[in-house]
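Participant: Next comes the sequence, and after it the predicted model I'd like to discuss.
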Amino acid sequence: FNNCQMVELGPGSGRLSQQINHALGQFCPQALQGYFLLETSPILRQIQYTRLPHAQHIADLSELPRDKTTLLVANEFLDALPLRAFAKQNQNYHEVFVTWDAVENLTWKPSRWPTPKRDIPIWAYGEPFVEHSPQAHQIVDHICQHIHETGGIALFIDYGTYGDRQQFSFRGFQNHEQVS
């Protein structure tokens with residue numbers, strides 16, 4: 001366990017990275033040869049810098065060195081990516097959009113026209129509600145390829161439902177209050 005690089009996707013305040021860095025420093029202080037944070041927010045980058053001044057910010061996973069074993073963690077990262085939502089109606093899926101109702105509240109509205117079957121992930125066939133992020137799949141594929149070529153591990157931490165769902169997990173917020 002040496003010549004490793006630590007990577008966190010969407011590190012937020014940097015607290016988890018700080019704790020991981022501390023723990024790795026206790027058990028294998030020579031292991032980490034680089035600490036990388038993928039963050040798009042300039043404000044969060046500043047906060048992260050105060051917690052992890054030695055970490056390097058990257059804008060894209062392709063910037064990671066390819067000569068080190070990668071230890072990657074992503075806490076609630078995939079949930080922050082854009083998604084497409086679909087609802088099954090009469091054997092067809094309809095993409096669902098957010099719109100205003102008659103009294104100006106945000107609400108879900110399915111498209112009048114069915115979504116082509118090719119747009120529905122095969123794993124979702126038969127489900128009453130589908131949330132799908134093509135971007136998440138691309139990112140995970142890229143990470144898998146990187147780890148396959150350079151070695152390492154990835155830990156994705158995301159919370160969700162288990163079993164049958166009767167509604168979307170996506171929520172809308174306005175003025176820090178849940179509105180849908």
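Facilitator: Ah, there it is.
Participant: Now do the helices in the protein.
Facilitator: 15-27, 42-51, 134-150 (DSSP state H).
Participant: Using TSV, please lay out those helices together with distance to residue 102, mean neighbour count and mean pLDDT.
Facilitator: For glycine as for every other residue, the C-beta is placed from the backbone atoms N, C-alpha and C. Shown next, in TSV, are these (distance: least, Cβ to Cβ, whole Å; neighbours: other Cβ atoms under 10 Å; pLDDT from 0 to 100):
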stretch	distance to residue 102	mean neighbour count	mean pLDDT
helix 15-27	43	14	87
helix 42-51	37	14	93
helix 134-150	33	14	94
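Participant: will you turn those helices into CSV that also has distance to residue 99?
Facilitator: Listed next are the helices of the chain as CSV, based on distance: least, Cβ to Cβ, whole Å:
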stretch, distance to residue 99
helix 15-27, 36
helix 42-51, 30
helix 134-150, 22
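Participant: out of those, which comes closest to residue 175?
Facilitator: Among the helices of the chain, the nearest to residue 175 by Cβ to Cβ is helix 42-51 (19.0 Å).
Participant: Identify the residue nearest the geometric centre of this protein.
Facilitator: Geometric centre of the chain, nearest residue: residue 78, 1.4 Å, by Cα atoms, centre = their mean.
Participant: Which pLDDT does the model give the nearest residue to residue 50 once chain neighbours are set aside?
Facilitator: Closest residue to residue 50 apart from its sequence neighbours, by Cβ to Cβ, 6 or more residues apart in numbering: residue 14 at 7.8 Å. Looking at residue 14, its pLDDT reads 92.
Participant: the bottom helix or strand of this protein by mean pLDDT?
Facilitator: When the helices and strands of the chain are scored by mean pLDDT, DSSP states H and E, strand 173-174 comes last with a mean of 66.
Participant: State the number of residues packed around residue 77.
Facilitator: Using other Cβ atoms under 10 Å, residue 77 has 19 other residues around it.
Participant: Over to residue 178?
Facilitator: A count of neighbours around residue 178, defined by other Cβ under 10 Å, yields 8.
Participant: ditto for residue 80
Facilitator: 15.
Participant: Leaving out the residues flanking it, which one is nearest to it?
Facilitator: In space, residue 80 comes closest to residue 10 once its chain neighbours are excluded; the distance is 6.0 Å by Cβ to Cβ, 6+ apart.
Participant: shaky segments in this protein?
Facilitator: 1, 160-174, 176, 179-180 (pLDDT under 70).
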